[in-house]
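K.L.:
From the sequence below, what's the structure:
(2 chains)
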Number of protein chains: 2
Amino acid sequence: MTFKVGLLGLGTVGAGTVEILQNPAQRHSLLQDLVIHKVGVRSLDKLRNVTLPTDILTTDLESIVTDPEIDIVVEVIGGLEPARSLILKAIQHGKHVVTANKAAIARFGDEIFTAAAEAGVYVLLEAAVGGGIPVIEPLKQSLCANRLNTVIGIVNGTTNYILTRMQLEGGDFADILADAQNLGYAEADPTADIDGLDAADKIAILASLAFGGRIKLPEVHCEGIRHVSAVDIAYAEKLGFVIKLLAIAKRASATDELEVRVHPTLVPKTHPLASVNDVYNAILIEGDPIGQVMFFGRGAGAGPTASAVVSDVLNIAALLKVGHGDITADGKPLLDPLLACSHQHYCAIAPMEDLVTRFYARFLTKDYPGVIGKLGTCFGDHEVSLESVVQAGMRDDFAEIVVVTHDVREGNFRKALEEIRAMPAIAAVASVLRVL
Amino acid sequence: MTFKVGLLGLGTVGAGTVEILQNPAQRHSLLQDLVIHKVGVRSLDKLRNVTLPTDILTTDLESIVTDPEIDIVVEVIGGLEPARSLILKAIQHGKHVVTANKAAIARFGDEIFTAAAEAGVYVLLEAAVGGGIPVIEPLKQSLCANRLNTVIGIVNGTTNYILTRMQLEGGDFADILADAQNLGYAEADPTADIDGLDAADKIAILASLAFGGRIKLPEVHCEGIRHVSAVDIAYAEKLGFVIKLLAIAKRASATDELEVRVHPTLVPKTHPLASVNDVYNAILIEGDPIGQVMFFGRGAGAGPTASAVVSDVLNIAALLKVGHGDITADGKPLLDPLLACSHQHYCAIAPMEDLVTRFYARFLTKDYPGVIGKLGTCFGDHEVSLESVVQAGMRDDFAEIVVVTHDVREGNFRKALEEIRAMPAIAAVASVLRVL
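P.N.:
As a prediction, the model looks like this:
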């Protein structure tokens, strides 16, 4: 029995996918049942690293998703359109879909999964988060007995690379970003990475799987790393923390509401995520009764991403090979309830002002002796209890005060901050960061 | 549709399993399709933490594995017999099996998987390695597109706890083992953990999955941690290493032979496994094209182990729910080729003398000035190239020399060591450890 694969896109991930499919030796024997039937590209003339029979290349991507011979469509063109339309059309034509497209899934997951459920096909997306790191499938299968309560990830390699270098070199954000761009670790337009948008897409997907409901992407709170300074990294270091861009999803036990957020965070040096450096990604999952598990690896690149794409294709092929026994009342094949995406409701997301977390804040002040008392009183008035207040040093003739709070309600902290900002003795609220 | 589960054993893992099955809220909805049909125990009168209808408890374990109503048998009694016989009988009666029993699988995997293939049933064993950490299923499914070449694990919590405390406290093995026994982190008879036998079982299972062949357990080279001393931990620390009990399986690219071995190892502090401390486990897998991925979490305990057991049960239930479509020529249902265990040949294991690795060795000598030259010459004669030779200090009137080699063939190193041991100037070869 062979399964025909239609590939949309032959960029780095597409070429990596072909590379694996053409070299099945010492890989799972099921690979030998896969055939590359058609490959959709933008230009037939481009020089490529992989060799394919020219008659399977086509610039007509629609002809792939509608081809009656194709069983599984692999979408690795990325971006929102035409990816979304091609995925939907493939589903309508009864094809199973494998995609690496976190942006499309995070935005259009609801219509894509609804269409897939109606058509009785799988849409698998291991490559969308963490490159080759197995995390989507473990969430669906290996951890399915757990009541999950927390997912925390370092899921963007570019920002982790920049923050790691800032940490090691003491350099400033702008310089290291420029260098990362020169080295190819950051894109010419780095917005999606630097401003946390890519991480927000990914945590929306992970939260949806961990908590069994859909997530509205605009409800994901998202802050990037542009405002993280060398000064704060140095103070954090002294206090026993490193600064990481974390993507966090948590279920509040009391209300069943979710927190879903992306922001730079002070992480205690002893925390398992603190030593995840450079372009590496890691995802920490906490549940009952498993406790903490963490998945670590390269979060991007042709090889890791293609590994995830082809593994997804093989997982579908394995199910097709067994064959469908039962048929639903309306004549569609039954899908594996762990691998199919069945939830249809939207998760309630808690507003950020209700978040309970620790904060780090740095103030510049002219009148140090009087200010500590005023700060303390103001925070106290808003039920913000302080873990430490330190006059950290002098900067530009200002005394620098660094405050770390205990767990506080974010709304209360913000109100205190507004009052503090208005104090004549306070020259600036130089930075505010959350603490894990 | 409901699926009936027969549970063999109601110890800590069994009770943890019941706990999850009785509390499906906020877990995967498929849990609601599972029914605990019978539970086999040694004594009906024992006080337990879980409440079960008394009529489903039985001391007749055979009646469970032969019960025509039961779909899935969960074996959590541990040990070799009657576990092996019960698993085999369950398979003969057409039941799918979930087991946490690494000792039985590592020893009797060949007959168990042969029987399972003949009967057309699944035998899943996520809980056998790394407690709740997903590693068996990722090896079977999420990483199946890769050509795997290395699996390195810290897979025994007891020894990792002891080595971590030796590292932090500078204490000696015997004292810390005694304390670990008092605290319940090590068993009264610690042999299986301390001598590496438990880790050997686990790496045999991981190697079998990673490299698609059976492993003969006696061919796994196994050294425990009894001879690891505080002195060596301190020297390793100075040289930039920590000492961990590693379970290693590697495929040699040239010969296709495997190395499968368990031994205390000097691990560079920058290596991802170096910071895995206390009772935590981690498994690092390397493949083409994925590169390195690592899985981390608690490797034992009722909760994590039960998480893995119930997830396996759900994975079988999911496949049963879809239903079997195709039937093999001899009338058996087709199994999912990724989840079923299909390999039947034995992997060729390379002899340890052919291993190429780095070594650390510590010598006690009376005549320091003359000895370095003799050591160097002797190692050179056997093609053992040295990375560093340091006179580390004095101990009991002897000069202590610590040697770290480059990658060398183990057989050559051993021959050199024999000659060195016979040198009059050498009072003792105090320790020999491999370096990652």
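
K.L.:
Quick check: chain neighbours aside, which residue is closest to A:A430?
P.N.:
Of all residues not flanking A:A430 in the chain, A:R362 sits nearest, at 4.5 Å (CB to CB, 6 or more residues apart in numbering or on different chains). (C-beta placed from N, C-alpha, C; glycine too.)

K.L.:
is it true that that neighbour touches A:D232?
P.N.:
Yes. With contact defined as CB atoms under 8 Å, A:R362 reaches A:D232; the gap is 6.4 Å.

K.L.:
which residues does the nearest residue to A:A128 once chain neighbours are set aside contact?
P.N.:
Closest residue to A:A128 apart from its sequence neighbours, by CB to CB, 6+ apart: A:K102 at 4.0 Å. For A:K102, the contacting residues are A:L125, A:A128, A:V129, A:D198, A:D201, A:K202, A:I205, by CB atoms under 8 Å, 6 or more residues apart in numbering or on different chains.

K.L.:
Run through the residues that contact the second one.
P.N.:
Yep, that's A:A128 we're talking about. A:A128 neighbours (CB under 8 Å, 6+ apart): A:T99, A:A100, A:N101, A:K102, A:I105, A:I136, A:K202, A:I205.

K.L.:
what's around the residue lying closest to A:V402 once chain neighbours are set aside, how many residues?
P.N.:
In this structure, A:V402 finds its nearest non-sequential neighbour in A:A392, 4.6 Å apart by CB to CB, 6+ apart. Look at A:A392: counted by other CB atoms under 10 Å in any protein chain shown, it has 18 neighbours.

K.L.:
Check the one 10 residues further on too.
P.N.:
Summarising burial for A:V402: neighbours were counted as other CB under 10 Å, giving 22.

K.L.:
contacting residues around it?
P.N.:
A:V402 touches A:Y235, A:L239, A:Y360, A:A361, A:R362, A:F363, A:S388, A:V389, A:V390, A:A392, counting by CB under 8 Å, 6+ apart.

K.L.:
For it, what is the enclosing helix or strand?
P.N.:
A:V402 is located in strand A:398-405, with elements delineated by DSSP states H and E.

K.L.:
how far does that strand sit from the chain's center?
P.N.:
Computed by CA atoms, centre = their mean, to the nearest Å, the chain-centroid distance of strand A:398-405 equals 32 Å.

K.L.:
now the next helix or strand after that strand: mean pLDDT?
P.N.:
Following strand A:398-405 in sequence order, the next helix or strand is strand A:408-409 (DSSP H and E). The pLDDT scores in strand A:408-409 average 97.

K.L.:
How about stretch A:196-211?
P.N.:
Mean predicted confidence for stretch A:196-211 is 97.

K.L.:
So A:P264 is in contact with A:I233, correct?
P.N.:
No. Under the criterion of CB under 8 Å, A:P264 makes no contact with A:I233, lying 9.7 Å away.

K.L.:
May I have the distance across stretch A:284-301, first residue to last?
P.N.:
Chord length of stretch A:284-301, first to last residue, is 21 Å (CA to CA, to the nearest Å).

K.L.:
can you check stretch A:52-65 too?
P.N.:
With CA to CA as the measure, the first residue of stretch A:52-65 is 19 Å from its last.

K.L.:
cool, stretch A:352-371 as well?
P.N.:
For stretch A:352-371, the end-to-end distance is 28 Å (CA to CA).

K.L.:
Also stretch A:117-131?
P.N.:
Start-to-end, stretch A:117-131 (CA to CA) is 25 Å.

K.L.:
Quick one: distance of that stretch to the chain centre.
P.N.:
15 Å.

K.L.:
Report the buried residues of it.
P.N.:
A:117, A:119-131 (16 or more other CB atoms under 10 Å in any protein chain shown).

K.L.:
Inside helices: which ones of these?
P.N.:
Among the buried residues of stretch A:117-131, the ones falling in helices (DSSP state H) are A:A117, A:A119.

K.L.:
Of the buried residues of stretch A:117-131, which pair is most distant in space?
P.N.:
Farthest pair in these (CB to CB) is A:G120 and A:G131. Separation: 29.2 Å.
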